[in-house]
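Asks: give me coordinates for this.
(one chain, ligands or ions: 2)
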Amino acid sequence: MTIGYYEVMADTFILGIESSCDETAAAVVRSGEQMISNVVASQIATHKPYGGVVPELASREHLRAIVPVVKQALAEAGKTFETVDALAVTQGPGLAGSLLVGISYAKALAYALDKPLIAVNHLEGHIHAVLLEERQKGNRELRFPVLALVVSGGHTHLYLAEQRGESWSYENIGHTRDDAAGEAFDKVAKLLGLGYPGGPVIDRLSKHGDARAVKFPPSQIKHPDRRTKAPTLVAKDATKGGATPGGAPAPLSFADVHPRFDFSYSGIKTAVLRYVETHDMAEAIEARRKALAALAKPKLEDFLANCDKQTLDLVASFQRAVVGDLVSKTLAAAREYDVATLFVTGGVAANGELRETFERDSAEQGLPVFFPSRPLSTDNAAMIAAAAYPKFVARQFAPMDFSAEVGMALR
Ligand code: KG4
Ligand code: ZN
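Replies: Ligands and ions are numbered 1, 2, ... in the order given. This is a model prediction of the structure:
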């Protein structure tokens, strides 16, 4: 099976717009395989004093940034509004107000320019970040089945991805029951006085601590899914696999006959909190919070100067536990579904230990694993423009009355 080799005409330039959370982004991508420009305006400075994303502030910042960001993406690509072929925008999942800024602007542009508009699922975007960069490297061979772990601030989701003709489809085979992995990084960093966002700083500090120092119990899934692997394709769920009005059995999905591979990260966050309480760390944390807040852009040395060994060991042990859980569950799912290729994508895929562990352990399993580069792991619009390309080829354009879908599922 080849990727990116669609039966199409000449080059297609898509202007992608992303505004689902706290990054305003725009990019121009050629035919789903070459990133021509990629501009990301981060709102970290705005949300930092609050220790997390404040939705109202996020919408306001998107409104401020969207026009200059789009103009910069066009200018860097040597393109104009008139010379792009289509517009693509994130429809969901994400924050309602933030999504609406991107969607309203993209609709207005599409209407004024009389160009097609494509609505893209943000999670599909993360998956296509991998495909875009592999095509860009000239790697067009892709073996199916593909399993994709999308691991970010809002999601820890496992999808089986399929390509039929130009269209991609996805089946969810596991997701977090509570906090997403990125959310756990952010919450733990906040409770240790390390600021926001938590992932990048924990990633860098972990190298300086002993990851074996603190033992965390394995994550517990409170309400196990009762589905177990069935010897035949018989669904226990009465709504599936029953007779259709025509008498033929309804088709079963993979997830109907395999166990699920769910995640849970709120337990480990609570365990870190307990550790902090039982080891009297509150005073030191408060001092660190104040010292770091006084610095505009704290560097690694500033963080290290404000962290004792106990904190570094705790951070490293936390990261080791989360990474171990993500890798072992994902690889167990890969074995269960006998997949040929693994993608790991989303903001947490920027994590150094996660990448190294996946690379080492999947190689042992003989499974090729692909990540986006670090800039394309976190939110960006190149992934949205890339995911839009197969939809452009299939002429799947969004009607002008479509709206934001906060909890949009990927199918
Ligand atoms: O994909 P993303 O940019 O936005 C969402 O769709 O959520 O992911 C952001 C998340 C944040 O939780 C952030 O702390 C985490 O990704 N993150 C990391 C790293 N870089 C970003 N987590 C661990 N290690 C990193 N290096
Ligand atoms: Zn994301």
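
Asks: what about Ala363, how many residues nearby?
Replies: 11 (other CB atoms under 10 Å). Backbone N, C-alpha and C define where each C-beta goes, glycine included.

Asks: read off the pLDDT value for it.
Replies: What the model reports for Ala363 is a pLDDT of 98.

Asks: same thing with Pro217?
Replies: 88.

Asks: Ala180 now?
Replies: 97.

Asks: pretty sure it contacts Ser152?
Replies: Yes: using CB atoms under 8 Å, Ala180 is in contact with Ser152, at 6.5 Å.

Asks: apart from its chain neighbours, what residue comes closest to Gln365?
Replies: Counting by CB to CB, 6 or more residues apart in numbering, Gln365 lies nearest to Leu331, which is 6.0 Å off, once chain neighbours are set aside.

Asks: tell me which strands and helices the lengthiest helix in the chain is in contact with?
Replies: The longest helix of the chain (DSSP state H) is helix 309-336. Judged by 3 or more CB pairs under 8 Å, 6 or more residues apart in numbering; DSSP states H and E, helix 309-336 is in contact with strand 146-151, strand 156-164, strand 167-175, helix 181-191, helix 198-206, helix 266-278, strand 341-345, helix 352-364.

Asks: need the winner for burial among these.
Replies: strand 146-151 (a mean of 28; mean count of other CB atoms under 10 Å).

Asks: on that earlier part again, can you redo the helices and strands packed on helix 309-336 as CSV with distance to ligand 2?
Replies: As requested, the helices and strands packed on helix 309-336 are exported to CSV (distance: least, CB to the ion, whole Å):
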stretch, distance to ligand 2
strand 146-151, 8
strand 156-164, 11
strand 167-175, 14
helix 181-191, 9
helix 198-206, 12
helix 266-278, 20
strand 341-345, 9
helix 352-364, 15
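
Asks: now the ones you listed as TSV including distance to ligand 1?
Replies: Formatted as TSV, those follow (distance: least, CB to the nearest ligand atom, whole Å):
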stretch	distance to ligand 1
strand 146-151	8
strand 156-164	10
strand 167-175	14
helix 181-191	3
helix 198-206	2
helix 266-278	12
strand 341-345	8
helix 352-364	7
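
Asks: got these as TSV, with distance to Thr311 columns?
Replies: Output for these, formatted as TSV (distance: least, CB to CB, whole Å):
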stretch	distance to Thr311
strand 146-151	24
strand 156-164	25
strand 167-175	31
helix 181-191	11
helix 198-206	8
helix 266-278	9
strand 341-345	28
helix 352-364	17
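
Asks: out of those, nearest to Ala27?
Replies: For the helices and strands packed on helix 309-336, proximity to Ala27 was assessed by CB to CB; strand 341-345 is nearest, at 16.1 Å.

Asks: in the protein, which helix or strand is least confident?
Replies: helix 254-257 (a mean of 70; mean pLDDT, DSSP states H and E).

Asks: burial of Val101, as a residue count?
Replies: Neighbour number of Val101 under other CB under 10 Å is 25.

Asks: what does stretch 351-365 contact?
Replies: 151, 199, 203, 206-207, 319-320, 323-324, 326-328, 330-331, 334-335, 342, 344, 348-349, 368-369, 371 (CB atoms under 8 Å, 6 or more residues apart in numbering).

Asks: of those, buried ones?
Replies: Listed as buried from the contacts of stretch 351-365 are 151, 199, 203, 206, 319-320, 323-324, 326-327, 330-331, 334, 342, 344, 348-349, 369, 371; burial here means 16 or more other CB atoms under 10 Å.

Asks: who are the contact partners of the most centrally placed residue in the chain?
Replies: Per CA atoms, centre = their mean, the C-alpha nearest to the average position across the chain is that of Gly346, at 2.7 Å. Counting by CB under 8 Å, 6+ apart, Gly346 touches His126, Leu149, Val150, Val151, Ser152, His155, Gly182, Ser377.

Asks: quick check: bridge partners of the third one?
Replies: The partner list for Val150 in beta bridges (DSSP bridges) reads His157, Thr345.

Asks: how far away is it from Gln72?
Replies: Distance from Val150 to Gln72, counting by CB to CB, to the nearest Å: 27 Å.

Asks: with the fourth one instead?
Replies: In this structure, Val151 and Gln72 are 29 Å apart, going by CB to CB.
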